[in-house]
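>>> Could you work out the structure for the sequence below:
(one chain, ligands or ions: 1)
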Amino acid sequence: MPNSATASARFPDGFLWGAATAAHQIEGSPLADGAGPSIWTRFAHTPGMIVNGDTGDIACDHYHRWKQDVALMRELGLKAYRFSTSWSRILPEGTGRVNQAGLDFYSRLVDELLENGIEPLLTLYHWDLPAALDDRGGWLNRDIAQWFAEYGDVLYRALDGRVKKWVTLNEPWVVTDGGYLHGALAPGHRSKYETPIATHNLMRAHGAAVQAYRATGKHEIGLVVNIEPKYPASDSADDAAAVKRAHAYMNEQYLDAALLGRYPPELKDIFGDAWPQWPQEDFDLIRQKLDFIGINYYTRSVTKAAQSYPLDAAVVKQPLGTYTETGWEVFPQGLVDLLVWAKDRYGNIPTYITENGAAFFDPPVAEGGRIRDPLRIDYLQKHLGAIRQAIAAGCDIRGYMVWSLLDNMEWSLGYSKRFGIVHVNYGTQERTPKDSAHYYSKIVASNGASL
Ligand SMILES: OC[C@@H]1[C@@H](O)[C@H](O)[C@@H](O)c2nc(CNc3ccccc3)cn21
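Numbering: from 1, shown residues only. Just a heads-up that it's a prediction; the model follows:
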């Protein structure tokens, strides 16, 4: 908890305050103007995959309402906006032919952001793989490293200079654990053999895209990971071992590969005969100098030993805990603990909190257009306090992107969960800033002093 030293700590001058979204979750019009389908277009149109049969066909209609959404960011005083580009809008077949209309959409968006004093942070890959590449094996095909580098190069040449902070991948752990092991996310595979292969090709693609950036780019590029502290449910040796496996699998696996050029040894134990031995040249590709990392933080996991695949671990619900609508415990101390862990393990690389937020049940829009969301305000206040603590502990935290600017399509949960600081009426597409938006706006304007 804060003490006199940390409570007096402050956010550094120039701290980058913003909000985050992702293409498939807000844009809609996935096939407009020559765009090709992604695996999420297919997955959402596969019966039973998404709650209520929701799809990203309309979403927040950001593909048409981008200018009003930038005006909304300006009204909130945001300094930055983290968004992702749709690979299959730019390259409908994933490689080769460029769809200029797709490139023009993002070029216009970037210009509008800059004209409104908002810095763009561009994520190349936020889970929406071109369906045409999935048909060629997708993340299971080693050629995807070059396919991804080619995609990045098209965007670097078109936007570098206007875009000065680039992200290769959003959360490779979720892509593999959700898309290849448990099947809850596109492309919906369930294979312990495919999962490590997808992991490795994602990280090879990350390295190839960074290499391609270094050839032409003049600014910064990094990787975004989701990390979640694991705490033992008891002081038993079995629970300690379960924590070690869970921590290696989610928290160490991807940053170790990208920053240290190796996977944690626990992964071989976790996957057994499904864990390949990779050639050193692959790690030479994966390990590229990064200008920053992005950390997406939402919750912690109290972990015990239990029969489960692949970790033989289970999360223990906390009877006195506070939980969000997605069943995630509100635990800001976990953010402090993990930021200090990352600083100590990876050498205090510049870090942005690239996602942090919560889904709570929001009341309907009240008279006068007010939406009271005190639980989200409390969540943000506590987690921003945790970041301030981590900064006081010496962590080089450069910015914070609240998840999310808008209520949006929460992947397999469809529109059933609302993470936005701005409410979206999906029937009318009306945007209504929630109390949390006004709260966050004051935080941004005061550089956190109003916390
Ligand atoms: O679930 C909220 C957001 C999601 O909307 C973003 O697109 C994605 O980047 C994102 N990542 C997490 C991190 N945790 C997570 C854990 C298990 C499954 C999915 C996400 C949360 N979120």
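>>> Please identify the buried residues of stretch 260-275?
Of the residues in stretch 260-275, 260-261, 263-264, 266-267, 270-271, 274-275 count as buried by neighbour count, 16 or more other C-beta atoms under 10 Å. To be clear about C-beta, it is placed using only N, CA and C from the backbone, and glycine gets the same treatment.
>>> Between the two ends of that stretch, how far is it?
19 Å (C-alpha to C-alpha, to the nearest Å).
>>> tell me the mean pLDDT over it?
Here stretch 260-275 scores 97 as its mean pLDDT.
>>> next one: the helix or strand encompassing Tyr156 to chain centre, how far?
Taking DSSP states H and E as the definition, Tyr156 sits inside helix 144-159. Chain-centre distance of helix 144-159: 19 Å, with C-alpha atoms, centre = their mean, to the nearest Å.
>>> So which of the buried residues of stretch 260-275 are in helices?
266-267, 270-271 (DSSP state H).
>>> how about these in JSON lines, adding distance to the ligand?
Converted to JSON lines, those look like this (distance: C-beta to the nearest ligand atom, whole Å):
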{"residue": "Glu266", "distance to the ligand": "19"}
{"residue": "Leu267", "distance to the ligand": "18"}
{"residue": "Ile270", "distance to the ligand": "17"}
{"residue": "Phe271", "distance to the ligand": "19"}
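>>> Taking those residues, tell me the two that lie furthest apart.
Glu266 and Phe271 (9.6 Å; C-beta to C-beta).
>>> I figured Pro232 hits Ser301, correct?
No - applying C-beta atoms under 8 Å, one finds Pro232 not in contact with Ser301, separated by 10.4 Å.
>>> How about the residues of the stretch 351-451 of the chain by the ligand?
355, 403, 410, 419 (C-beta under 6 Å from any ligand atom).
>>> Report the buried members of the residues you listed.
Neighbour-count burial (16+ other C-beta under 10 Å) applied to these gives 355, 403, 410, 419.
>>> I'd guessed the last one sits against Trp403; true?
Spelled out, it's Phe419. Yes - counting by C-beta under 8 Å, Phe419 does reach Trp403; the two are 5.6 Å apart.
>>> tell me, what's touching those two both at once?
Counting by C-beta atoms under 8 Å, 6 or more residues apart in numbering, the shared contacts of Phe419 and Trp403 are Gly357.
>>> Need the distance between the two termini of stretch 173-190.
Chord length of stretch 173-190, first to last residue, is 15 Å (C-alpha to C-alpha).
>>> Please read the previous query as pertaining to stretch 52-68.
28 Å.
>>> Is any residue of it near the ligand?
No - residues of stretch 52-68 are not located near the ligand by C-beta under 6 Å from any ligand atom, the shortest gap being 11.7 Å.
>>> Switch the ones in helices among the buried residues of stretch 260-275 over to TSV; also include distance to Ala445.
TSV is the format used below for those (distance: C-beta to C-beta, whole Å):
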residue	distance to Ala445
Glu266	45
Leu267	45
Ile270	46
Phe271	48
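>>> ok, these vs Asp134, which is closest?
So of those, ranked by how close each gets to Asp134 (C-beta to C-beta), first place is Phe271, at 22.6 Å.
>>> mind listing what that closest one touches?
192, 195-196, 310.
>>> same check, this time on Gly420
404-408, 434.
>>> Need the max-distance pair from the residues you listed.
Pairwise over the contacts of Gly420, using C-beta to C-beta, the maximum falls at Asn408 and Lys434, 13.7 Å.
>>> Glu281: what secondary structure?
helix (DSSP: H, G, I helix; E, B strand; the rest coil).
>>> Tell me how many other residues crowd it.
Counted with other C-beta atoms under 10 Å, residues neighbouring Glu281 total 9.
>>> Could I get the pLDDT score of it?
98.
>>> separation between it and Thr199?
Distance from Glu281 to Thr199, counting by C-beta to C-beta, to the nearest Å: 17 Å.
>>> go on, Ala9?
Applying C-beta to C-beta to Ala9 and Thr199 gives a distance of 36 Å.
>>> Can I take it that Lys289 is in a helix?
No - with three-state DSSP as the criterion, Lys289 is assigned coil and is not in a helix.
>>> Close to the ligand: what parts of the stretch 151-300 of the chain are there?
Residues of the stretch 151-300 of the chain lying near the ligand (C-beta under 6 Å from any ligand atom): 170-171, 174, 178, 226, 296, 298.
>>> Which of those fall in helices?
Using DSSP H, the members of these that fall in helices are Val174.
>>> Neighbours of Glu112, how many?
18.
>>> for it, what are its contacts?
With C-beta under 8 Å, 6+ apart, Glu112 has these contacts: 66-67, 70.
>>> From these, keep the buried residues only.
In terms of neighbour count (16+ other C-beta under 10 Å), the buried residues within the contacts of Glu112 are 66, 70.
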